[in-house]
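Asker: Below are the sequence and a predicted model; questions follow.
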Amino acid sequence: MKTIPLTQSKVALVDDEDFEGLSLHKWYAVKERDTFYAVRTVKRNGRNTMIRMHREVLYLLKGDGIIVDHRDMDGLNNQKENIRKADKTINNLNKRLQKNNSSGFRGVSWHKGNKEWGAHIRVNGKLESLGFYNEVSDAALAYNEASRRHFGEDAFINQP
């Protein structure tokens, strides 16, 4: 593993075999929502175009409709073992928890009426209830089981 310096005192992680080609360019750090990414600009048809390092590592073209997911949610870790082509569902599974999440776990929320923790998972756009639990950790484990069943190796696993 090697590092490529970026602006804002950031560095991008890359595999040794990608370092030489990537280090020929000047890369900078860009923050989108709550994640930094390594990017560079090129002139195409007289206009500046942004190239993302993770797409370059996978030899993907801008506008090809392919989504790249960082397994560890670190947009600056562009090692091949950490980035993968993904569809919208897989990419959405691997997002940070929303700021208004009260349980601290994906797929778990407090149900006022039952006064219990509800577990749920979204599959193919449909919300599936996984039951209610007295303990938040039990609801998180129910989500984990359903996530593994539906998404296999791409499952997001809570750490209760």
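Answerer: Cool, the structure landed.

Asker: Beyond the strand ranked longest in the chain, next helix or strand please.
Answerer: Using DSSP state E to define each element, the chain has its longest strand at strand 35-44. Moving toward the C-terminus from strand 35-44, the next helix or strand (DSSP states H and E) is strand 47-52.

Asker: Can you tell me the strand partners of that next one and which way each runs?
Answerer: Paired strands of strand 47-52, with direction, are strand 35-44 (antiparallel) (DSSP bridges).

Asker: same for the worst-scoring helix or strand of the chain on mean pLDDT, what does it pack against?
Answerer: Least confident helix or strand, the chain: helix 88-93 with a mean of 77, by mean pLDDT, DSSP states H and E. When contacts are defined as 3 or more CB pairs under 8 Å, 6 or more residues apart in numbering; DSSP states H and E, helix 88-93 packs onto strand 67-70, helix 136-151. In this view, the C-beta of every residue, glycine as well, is placed from N, C-alpha and C.

Asker: So which bits of the helix or strand following the first one are buried?
Answerer: The reference is to strand 67-70. Using DSSP H and E, the helix or strand that follows strand 67-70 in sequence is strand 83-86. For strand 83-86, the neighbour count (16 or more other CB atoms under 10 Å) marks Ile83, Arg84, Ala86 as buried.

Asker: Tell me the one of the residues you listed nearest Lys43?
Answerer: Here the nearest of the buried residues of strand 83-86 to Lys43, counting by CB to CB, is Ile83; it sits at 26.0 Å.

Asker: Can you name the residues that contact the closest residue to the closest one other than its chain neighbours?
Answerer: Nearest residue to Ile83, sequence neighbours excluded (CB to CB, 6 or more residues apart in numbering): His54, at 5.0 Å. Contact analysis of His54 by CB atoms under 8 Å, 6 or more residues apart in numbering lists Tyr37, Ala38, Val68, His70, Gly75, Asn78, Ile83.

Asker: Is His54 part of a helix or strand, or is it coil?
Answerer: helix (DSSP: H, G, I helix; E, B strand; the rest coil).

Asker: distance of Leu22 from Asn77?
Answerer: Note on Leu22: its distance to Asn77, by CB to CB, to the nearest Å, is 13 Å.

Asker: ok, now Tyr59?
Answerer: 18 Å.
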